[in-house]
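> Here you go, sequence then predicted model.
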Amino acid sequence: MDLTSFKKEFVLGELGVDTSFGRMLAIIDFGNVNHWFTNDRQDADNVTLSDDESLIVDLKGLKAFSDLFTDHSRFYYGHDAQKERSLAFLTATKGIFGKSRVFTKPIQKVRHHLKPDEILTNTRTTFVDAEGLYVQLPKCNFDVEMTVDAIRLMAQYDTLVLFSGDADFVSLNRYLRKNGKKIILIKGGNITHALRQETDKVINAQSIKRHISEKRKREA
């Protein structure tokens, strides 16, 4: 057994993922995944981060971990065409996951009018219109695209590995399970009872932190 096969067997055994799950398709909702470790103050070895450090999701680590489940990983994330960093990130992602496995669309800016208590704590750029002070919140939802792909590709997998904790996937999970598929949900934070009920196995992001996270210096 080579090193890669040994690692795969060890990690999947540790997570309780056995051969009964069959062929797997990984769908990565990166808009959700990207925030898994935002508030963490310890790294994967339980070492406290310094004040100028944070944990981010490492794309290469995420792809390598996903490959332990399947060779078919699909990555969904929005981009801001006006920001070079956003486009550079997208280019890097395509280099890691493959151009045909990365799905994107422009981020929309949604107006959110601030309540009096929000004004005091707001750190975003503010604007004013007839209704008062507001900020622009980025929004880019791929629920429809991911759902369509999961159903369209049903013949190619036995288990959907869903990297997300979004409650909007309850209906998708229920439909897939009624059609003989299994669901592995990899999530960060809390999930709804309904989503948990429609899942065959739940894996907490904290249990795979060492595989997919990286320490990074905070921007000044």
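Now that the structure is in, tell me what you want to look at. Everything numeric in this text was worked out from a predicted model, so none of it was measured.

> C-alpha from now on. contacts and neighbour counts both.
OK.

> Low-confidence bits of the chain, can you list those?
1, 219-220 (pLDDT under 70).

> domain ranges for it?
The chain breaks down by automatic domain parsing into domains covering 22-105+141-217, 107-139.

> With distance to Asp2 and mean neighbour count as new columns, can these be given to me in CSV?
Shown next, in CSV, are the domains of the chain (distance: least, CA to CA, whole Å; neighbours: other CA atoms under 10 Å):
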stretch, distance to Asp2, mean neighbour count
domain 22-105+141-217, 14, 17
domain 107-139, 43, 12
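
> Dump the ones you listed into TSV; add distance to Lys7 as well.
Rendered in TSV, the data for the domains of the chain read as follows (distance: least, CA to CA, whole Å):
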stretch	distance to Lys7
domain 22-105+141-217	8
domain 107-139	37
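
> With respect to Glu9, which of those domains lies nearest?
Ranking the domains of the chain by proximity to Glu9 (CA to CA) places domain 22-105+141-217 first, at 8.6 Å.

> Quick check: closest non-adjacent residue to Leu195.
Leaving out its chain neighbours, the residue that sits closest to Leu195 by CA to CA, 6 or more residues apart in numbering is Val170, at 5.1 Å.

> check contacts around the one you found.
Residues near Val170 by CA atoms under 8 Å, 6 or more residues apart in numbering: 194-195, 198.
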